[in-house]
Structures are given as C-alpha cells and as structure tokens.
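Participant: Fold the following.
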Amino acid sequence: MGEVLSQSEIDNLLKALSSGELDVEEIKDTDEKQVKNYDFARPTKFSKEHLRTLEIIFEHYGRLLSTNLPAYLRKAVQVEVMNSESVIYSEFSNALSNPVLLGVVDMEPLEGSIVMELSSNLAFCIVDRLLGGEGVPLEKIRDYSEIELVILERIFTICVNLLREPWQNVVSITPRLERIETNSQFAQIISPSETIAIITINMKIGDVEGLMNICLPFGVLESVMDKLNTKYWFSTMQEKDSNSYEEAIESLISKAQIPVKAVLGNSSISVNDFVNLHIGDVIKLDRGIDDELDIYVGNIKKFAAMPGSTNDNYAVRITQILKEEE
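Facilitator: Here you go, the predicted structure:
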C-alpha cells in the first residue's frame, strides 16, 4: 500500500508543479527499474555473504598456521587473509605459472577436491629452512627436485590437517592430501567453466613474503552452501556447550605429571658437622615419631599424612586435606 500524503503535502506538491520546480517527466523516469547486466556464462553462485563466511573460516585457519608452522620452520610466521573472490576455474588455472606448487586436497565427506597453491619463493624458503639454511628463496625460479617435493609434501600435509578445526562449525571434514602437482595442466580437477571461490592468503616467513591461494569449487561446497552465512556461523558458535570445553581442559590437566613429596622433617647442623658426617651417624629432626608429615604438591603444602609402608615400599596415608597453604 502506497504512502498516504497529508493535505498540506498535496498542496506543496501542486504548488511545486505549477511553479516549475518539479518536472512530471523526471518523476516518471525515476519510476523506471534499473537493469543490471548478468553474464549467463559466469553465473554468480557465491554471494558476498558466502565469501565473507569463507574469509572468517580461513582467518581462523591463518591463526592456526601462524601458531603451528613456527614449530617446524623455527621462524616467525605471519598469516593474513587478503581477499576473496568468485571466478571461473579457467581464469585461475590460466594465471598459474610453470613451475607451480599445487596441493590437491580431498575434502571428505564433501564431494570433490580443493586446490592449495603456494608461491615459489615461499616453497623454496621452506625447503631451505628445513635443510638448515636461513630460509632464503632462490633468485631464479627452477623446477622442484624429487627431494624438495618430498620435504614440501610434509609441510603440505601439516597445512591440510589444520583445515579440520576451522570447518568444524560448517561440516566435520577429514581432509587428505591426494598429490602435489608442479604443472597446472595436470591439476584440472573440475571443468574450466566451473565457478570457484578463491581465498588469497598472505604469508610471511621471517623476511620472505608470498601468497597462498586456496581454490574452492562450487561443486565441493554445494551441499553446505546454506551453512555458509554469518548468521548460521555465529549461531552454531553460541550453541556450543561451554561444558565441553571444561571437560576437554579437565581431561588434559588430569594427564599432567606433577611432583609430590613427603617431608619427614627438618634439621639444622653446622658446616663442620656436615663435613664430618659418616655412615651410621644420626641427624635429629624437628618432628616426633607420631607427628603427621607434610605432603607437598609442587611447592604447595596440600596434605598431612602418617608414614608407613606397602608392598615393601615406603608410603604415606593421607589423614588431612589442607584447604590452603600453611
């Protein structure tokens, strides 16, 4: 239902028309619908909402890379999501140079594979670093040797395994590195006209900076497209039970090894007596035979106990739990 004008608004409108301030033709032109060009050869299958959600996923992935890779490379790693866009696969493959480093990753249970491309300067920097160098890339790019590909496959496997956690809110995946290709012609995993989403990640290893491009075909994500929106993303994050985190933390802490010691007593002697100690000498402690012993967990006095034995081993029996250090 259109907006109803008041009598004063009608009078002002008629006055403006009679004075020439408004043109009837201009008013008619404004009612025309704006036509937007649509390329049927390149249908838009990824909306801005989809691309933004993918950016959020790979921002999480970037944080995992910057945390885990330094343990292997022994250098600081900085990762930042630069851009996300929707193109067709032929544009992506035609832009690749040879040699190129492509990891084809199976995204089970999703159908199909994704492609991870790592720039050559980063690849040779990683090889140099893992072989004991300073992490300096080659001045002139060349083909990868078999040994270099084996080394890079290890790092690719680590990067692929880190994909599990960021995708957890969307779908539980079991990513697996199928193969590494150095020629873009052998990485035709989908039709050249297939729509893909490309996430561009800037990675800096020490002083060496390069790009990692992740190609996500529409066919792989088609079954979970309805979940690739920020509303669903944040709602699933809020629905997570905080108790699950508490249980996980408790489980990890329960396996930690902590030192426990029972102190029989204390004594003070002179340096001269200490130097002249012999086998059979007796040192008098400040504790009686029937007194409780102090039990320390780390450096905190936590229990009181009585001494004893079990299975021919010295032991203590807990008699009191101390609420705070005394």
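Participant: Does residue 120 touch residue 99 like I think?
Facilitator: Yes. Counting by Cβ atoms under 8 Å, residue 120 touches residue 99, with 7.1 Å between them. Heads up, the C-betas are built off the backbone N, CA and C, glycines and all.
Participant: who touches both of the two?
Facilitator: residue 141 (Cβ atoms under 8 Å, 6 or more residues apart in numbering).
Participant: Out of the helices and strands in the protein, which is least certain?
Facilitator: When each helix and strand of the chain is scored by mean pLDDT, DSSP states H and E, helix 24-30 comes last, with a mean of 57.
Participant: Quick check: buried residues in the helix or strand that that one is followed by?
Facilitator: Using DSSP states H and E, the helix or strand that follows helix 24-30 towards the C-terminus is helix 48-73. Using 16 or more other Cβ atoms under 10 Å as the test for burial, helix 48-73 gives 50-51, 53-58, 60-62, 64-66, 69, 73.
Participant: Check which helices and strands helix 48-73 sits against.
Facilitator: Judged by 3 or more Cβ pairs under 8 Å, 6 or more residues apart in numbering; DSSP states H and E, helix 48-73 is in contact with strand 77-88, helix 120-130, helix 146-161, strand 195-205, helix 230-239.
Participant: My read is that residue 224 contacts residue 170, right?
Facilitator: Yes. The pair formed by residue 224 and residue 170 meets the contact definition of Cβ under 8 Å, at 5.5 Å.
Participant: out of those two, which sits in the more crowded spot?
Facilitator: Set residue 224 next to residue 170 and count neighbours by other Cβ atoms under 10 Å: residue 170 wins out with 19 against 14.
Participant: Could you tell me the model confidence score at residue 236?
Facilitator: Looking at residue 236, its pLDDT is 59.
Participant: Check what contacts the helix or strand containing residue 294 and list those residues.
Facilitator: Assigned by DSSP H and E, residue 294 belongs to strand 293-297. The contact list for strand 293-297 (Cβ under 8 Å, 6+ apart) reads 258-264, 287, 301-307, 316, 318.
Participant: per-domain residue ranges of this protein.
Facilitator: According to automatic domain parsing, the chain comprises the domains 48-235, 260-321.
Participant: hey, which of the ones you listed is tucked in deepest?
Facilitator: Most buried of these, by mean neighbour count (mean count of other Cβ atoms under 10 Å): domain 48-235, with a mean of 17.
Participant: So residue 49 versus residue 77, what's the distance?
Facilitator: Applying Cβ to Cβ, to the nearest Å, the value for residue 49 to residue 77 is 30 Å.
Participant: can you list contacts of stretch 68-75?
Facilitator: 76-77, 126, 129-130, 135, 155, 158-159, 162, 205-206.
Participant: Nearest to residue 92 among those residues?
Facilitator: Set against residue 92, the nearest of the contacts of stretch 68-75 by Cβ to Cβ is residue 159 (18.9 Å).
Participant: All set, thanks.
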